[in-house]
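[1] Predicted coordinates and the sequence they were generated for:
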Amino acid sequence: QVQLVESGGGLVQAGGSLRLSCAVSRRTSSIYAMAWFRQGPGKERLLVGRIRWSSSITYYADSVKGRITISTDNAKNTVYLQMNNLKPEDTAVYYCAASKFGGYDPGSYEYWGQGTQVTVSS
């Protein structure tokens, strides 16, 4: 069983930055991709971006492209989400997820963290 634990959320002013971390309990060869999703109040859970663990190839949603970077530290089994120039509309619970096959929708991911709140004030 793979466990994911997010950290790093909080309250930040618009224009500020945050770095979220996702610690993976154990690295397995079955994990193909790691992703960050977010879910705002009353909204559906949407993909922010993902990274293929072996190749570090990334994909970012258009809504955040140019403002975020996803990276991994293989030695620490940790995935990071660096967010810059944050906007109030970025306010959401951010979830880390892992998938054996990859994909762009929540249903493609088998393992989930508990989520961390990010609040951006105007």
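    Nice, thanks for sending it over. Numbering: from 1, shown residues only.
[2] any idea which residue sits dead centre in this protein?
    For the chain, the residue nearest the mean C-alpha position is Trp36 (2.2 Å; C-alpha atoms, centre = their mean).
[3] Is that one within a helix or a strand, and which one?
    strand 33-39 (DSSP states H and E).
[4] rewinding a little: give the full set of residues in contact with the residue nearest to the centre of the chain.
    With contacts defined as C-beta atoms under 8 Å, 6 or more residues apart in numbering, the neighbours of Trp36 are 20, 22, 47-50, 70, 79, 81, 94-97. (C-beta placed from N, C-alpha, C; glycine too.)
[5] beta partners for it?
    Partner residues in beta bridges with Trp36: Gly49, Cys96, with DSSP bridges as the criterion.
[6] Count the neighbours of Leu46 for me.
    If you count neighbours by other C-beta atoms under 10 Å, Leu46 ends up with 15.
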